[in-house]
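[1] Please work out how this folds:
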Amino acid sequence: MKISIAIPDSALSDESLKIDKTRKISVLARACAIFKTDTIFVYQDGNNYQQDRNLLVMILRYLETPQFLRRRLFPKMNDLKFAGVLHPLRIPSHVTPANSKKINIGDVREGIVIGVKGKRFVDVGINQLIPFFGATYIGKRTTVQFKEGHPKLSVKEVNKDEVSDYWGYSVKERANLFSLMSEWKGNIIITSRKGKAATKEQISKYTKSDEALLIAFGSPEKGIHEILGGKRKNIQNAKSLNFFPHQATETVRLEEALIGTLAIINAQSTS
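    Predicted coordinates for the structure are as follows:
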């Protein structure tokens, strides 16, 4: 079962300072990486949060990018002013030795395609360029698998779905939550205080299914039902569940809801 999440572009609206917004994004990214989230959808919830949306999407992508690729893919910009407070994900695609002698047949790496004298090579962070014959354009990131280890070092381009380890999340933007849900091919959980209390039996229906699961979260100001309005009844395969039925706090913050919900689903999937 692949799990994807949907969060609003207003997710940072309860933080006023950019450094606090940056810290919050770091927590969200870490939670998604811990629980092997496949895709993070950032949807517009109807208000103008373009600056926050740009910051959210950019830093989520920045954190998912292996450190040795960041300078090539992310130029210096004001939105990365507080990158020093970000916690590294340390997922398998990031933990890669720089010593080419330690590379074996079958190893998978992230890299960037570069051009040299009319030919294409891939830089995978080992201070040695490797000839590249895949479909990815120059300047773009790619995933490669070694066909030969040291010293010959030849690679082939692969899809991250072919990698056995968790290889990171992708980040996609959507104009609104309704269109995302309407187009979703699989199961949908709407996290809401108005939903039925999540039970082991209900959650197991999702964890035992082969269909992809989308978990939708509301904003600091509005819940999912308010965001969707009357369109909620038109969403198929969606169930509203409350993962915090006995909460003592007036609200549950997005980062808390994300960690708690994914942890509960993860525990059920391994039981």
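
[2] helices or strands up against the helix or strand hosting Val122?
    With secondary structure defined by DSSP states H and E, Val122 is part of strand 119-123. Secondary-structure packing of strand 119-123 (3 or more C-beta pairs under 8 Å, 6 or more residues apart in numbering; DSSP states H and E): strand 108-116, strand 130-131. Backbone N, C-alpha and C define where each C-beta goes, glycine included.

[3] For Leu73, which of those strands is the nearest?
    Between Leu73 and those, the shortest gap by C-beta to C-beta is with strand 108-116, which sits at 6.8 Å.

[4] buried set for that closest one?
    Using 16 or more other C-beta atoms under 10 Å as the test for burial, strand 108-116 gives 108-114.

[5] for the stretch 151-271 of the chain, what spans make up the strands?
    154-157, 170-174, 187-197, 213-216, 238-242 (DSSP state E, counting those that start in this stretch).

[6] Need the winner for burial among those.
    strand 213-216 (a mean of 23; mean count of other C-beta atoms under 10 Å).

[7] who touches it?
    1-6, 41, 177, 180-181, 184, 186-191, 206, 224, 261-262, 265 (C-beta atoms under 8 Å, 6 or more residues apart in numbering).

[8] Restricted to helices, list these.
    177, 180-181, 206, 224, 261-262, 265 (DSSP state H).

[9] could you redo those as a markdown table and give each row neighbour count?
    What follows is the ones in helices among the contacts of strand 213-216, written out as a markdown table (neighbours: other C-beta atoms under 10 Å):
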| residue | neighbour count |
| --- | --- |
| Leu177 | 25 |
| Leu180 | 21 |
| Met181 | 25 |
| Tyr206 | 21 |
| Ile224 | 25 |
| Thr261 | 24 |
| Leu262 | 20 |
| Ile265 | 22 |
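
[10] re the thing from before, and which of the buried residues of strand 108-116 is nearest to His87?
    Once C-beta to C-beta is applied, the member of the buried residues of strand 108-116 that ends up nearest His87 is Glu110, at 19.2 Å.

[11] Just the pLDDT at the closest one, thanks.
    Glu110 carries a pLDDT value of 96.

[12] same deal with the one 5 residues further on?
    Looking at Gly115, its pLDDT reads 96.

[13] and it, what does it touch?
    If you count contacts by C-beta under 8 Å, 6+ apart, Gly115 has them with 121, 138.

[14] run the last query once more with 7 Å
    Ile138 (C-beta atoms under 7 Å, 6 or more residues apart in numbering).

[15] do Pro220 as well
    Here Pro220 is in contact with 10, 13-14, 254 (C-beta under 7 Å, 6+ apart).

[16] PyMOL command to pick out the buried ones of those residues?
    The PyMOL selection below is limited to those of the contacts of Pro220 classed as buried (16+ other C-beta under 10 Å):
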select buried, resi 10+13+254
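
[17] Quick check: of the contacts of Pro220, which lies closest to Leu60?
    Leu60 has its nearest neighbour among the contacts of Pro220 in Leu254, at 13.3 Å by C-beta to C-beta.

[18] Next one: the nearest residue to the closest one once chain neighbours are set aside from Glu148, what distance?
    Of all residues beyond its chain neighbours, the one nearest Leu254 is Ala11 (5.3 Å), with distances taken as C-beta to C-beta, 6 or more residues apart in numbering. From Ala11 across to Glu148, the span is 44 Å (C-beta to C-beta, to the nearest Å).

[19] quick one, which of those two is more surrounded?
    Between Ala11 and Glu148, counted using other C-beta atoms under 10 Å, Ala11 has the larger neighbour count: 27 against 12.

[20] which SS state does the more buried one fall under?
    Counting by DSSP: H, G, I helix; E, B strand; the rest coil, the backbone at Ala11 sits in coil.
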